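Participant: Got a sequence here, can you model it:
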Amino acid sequence: MERPRPGCPLPGRRGRRPGLAARLPARAHPSALGAPLASLPRFQAAVGEIEVSLAGADRLVDALAAAVDAGEPGAAEQAGGAKVLGTRAAIDAVQQAVALVGNHGLTRRHPLERHLRDVLCARVHTPQDDSVLLAAGRAALGRVRPL
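Facilitator: I've put the predicted structure just below:
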């Protein structure tokens, strides 16, 4: 059984990542199309891009958590970077989903609207991107030998 990880960069994640595709109106028949959105190759490819991005972020978080649990040196110090990458992947994925749905995805009644607000809030949770990236940059430059 997978344990929940506090502070996980993928919002709403408890054990298994919720499928963003479930929040898309794939079965909807826009009157101009006369076919379900899910039948369109562009829609399918966009959903595939979202899934690949989130799966990669999920894998990163799982691998890093396993490394921390195993006591690997330096693994805990990489948590901030994983938070940055996971948060960015989640935000990008939800923004792509909203773009697929259009303005309808920004209405209060649409589940993507709430999901978008949730993932955007992840940016302000500690550690924030600027602090993580500043520390990573300083550490990288500190490893560079002077000429």
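
Participant: Centroid-nearest residue for the chain?
Facilitator: Ala90 (1.9 Å; Cα atoms, centre = their mean).

Participant: Make sure that one is indeed in a helix.
Facilitator: Yes: judged by DSSP: H, G, I helix; E, B strand; the rest coil, Ala90 forms part of a helix.

Participant: That one contacts Ala122, correct?
Facilitator: Yes: using Cβ atoms under 8 Å, Ala90 is in contact with Ala122, at 6.6 Å. In this view, the C-beta of every residue, glycine as well, is placed from N, C-alpha and C.

Participant: what separates the residue nearest to the centre of the chain from Ala67, distance-wise?
Facilitator: Distance of Ala90 to Ala67, given as Cβ to Cβ, to the nearest Å: 21 Å.

Participant: cool, and Ala21?
Facilitator: Computed as Cβ to Cβ, the Ala21 to Ala67 distance reads 29 Å.

Participant: next one: Pro146
Facilitator: Note on Pro146: its distance to Ala67, by Cβ to Cβ, is 31 Å.

Participant: more crowded one of these two?
Facilitator: The neighbour count for Pro146 versus Ala67, taken as other Cβ atoms under 10 Å, is higher for Ala67 (16 against 3).

Participant: Correct me if wrong: the more buried one contacts Glu77.
Facilitator: No: Ala67 is beyond contact range of Glu77, at 10.8 Å (criterion: Cβ under 8 Å).

Participant: low-confidence ranges in this structure?
Facilitator: In the predicted model, the chain carries pLDDT under 70 at residues 1-19, 26-31, 147.

Participant: give me that answer again for 80
Facilitator: Where the chain drops to pLDDT under 80, the residues are 1-33, 145-147.

Participant: Could you tell me which helix of it is the longest one?
Facilitator: Criterion DSSP state H: the longest helix present in the chain is helix 41-69.

Participant: Wait, a helix at Cys121?
Facilitator: Yes: under three-state DSSP, Cys121 falls within a helix.
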